[in-house]
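Student: Sequence and computational prediction follow.
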Amino acid sequence: MNPINLIISGLGGQGIVSLANTFISLSDQKGIKCLSTLHKGGAQTLGSVYAEIRFSKTAVSAAIPNGLLNVLVSFDAWEALRTISNYGLPQHAVICDDPSVNQIARTETLTYKDALHQLKEVNFDHTLYPWRQVAIKQFHDPHMCNYLAGRAALPFLPSEMQCIETYSDIFFKQVPKAQQHQAKVIELYNKKDFYELA
């Protein structure tokens, strides 16, 4: 198997580390070698944060080479654009499309909506989806956005890691404050098509 390279990007406080640890634990449980690095910006809250994760059957370096990004999961449009500019276009991307959250102007002239518009103009396989709004609607908890976006990325990861039940179990162990939603996840998402609920 060729390495599958994943980046999870966003801002401090959006659960980047929790989701990265979920995927790392999932790969370990399924016997897939995994190397990862975590990068934090100057501020812990609302600062740039991203995790590089490489899944492989053989040893590889932790750094993802430019142009070899397979999967991007991003919780912020600006951070998605930054990742694309640094690593090249991913083969697949799951991006939280929610302009009502974290509308941080990165320049004096560009808004968060400008970042979303730029992403929509780029020609690559990506899903712009309001995961945070779905999390609030289904669970009354915006933090479940991470679960939903991570689950949407599963089909692009190594086939051994695509077990929804194992992913869910590990996620709820990594994120104890979300455990109150575990029963509802089983009730809703294991019985219906994933996208029908959104």
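Tutor: Received, thanks.

Student: in the chain, which spans are strands?
Tutor: For the chain, strands defined by DSSP state E occupy the ranges 4-11, 33-40, 48-56, 71-74, 92-96, 126-129.

Student: Can I get those strands in TSV including distance to Ile164 and mean pLDDT?
Tutor: For the C-beta atoms, the positions are set from N, CA and C on the backbone; glycine is no exception. Converted to TSV, the strands of the chain look like this (distance: least, C-beta to C-beta, whole Å; pLDDT from 0 to 100):
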stretch	distance to Ile164	mean pLDDT
strand 4-11	17	94
strand 33-40	19	90
strand 48-56	17	93
strand 71-74	16	94
strand 92-96	15	87
strand 126-129	17	80
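
Student: quick one: which of these is nearest Gly150?
Tutor: Minimum separation from Gly150 across those (C-beta to C-beta) falls at strand 71-74, 6.8 Å.

Student: ok, residues contacting the closest one?
Tutor: Outside strand 71-74, the residues within contact range by C-beta atoms under 8 Å, 6 or more residues apart in numbering are 4-10, 19, 80, 83-84, 90-96, 126, 149-150, 153, 156-157.

Student: Buried ones from these, can you make that a ChimeraX selection?
Tutor: A single ChimeraX command selects the buried members of the contacts of strand 71-74 (16 or more other C-beta atoms under 10 Å):
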select :4,5,6,7,8,9,10,19,80,83,84,90,92,93,94,95,96,126,149,150,153,156,157
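
Student: Quick one: residues contacting Cys96.
Tutor: 10, 74-76, 129-132, 145, 149.

Student: what about 10 Å?
Tutor: 10, 14, 73-77, 80, 102, 127-135, 145-146, 148-149, 152 (C-beta atoms under 10 Å, 6 or more residues apart in numbering).

Student: residues near Lys30, how many?
Tutor: 17 (other C-beta atoms under 10 Å).

Student: I'd say it and Lys57 touch.
Tutor: No - checked against C-beta atoms under 10 Å, the pair Lys30 and Lys57 is beyond contact range at 11.2 Å.

Student: and for these two, which residues touch both?
Tutor: 158, 160.
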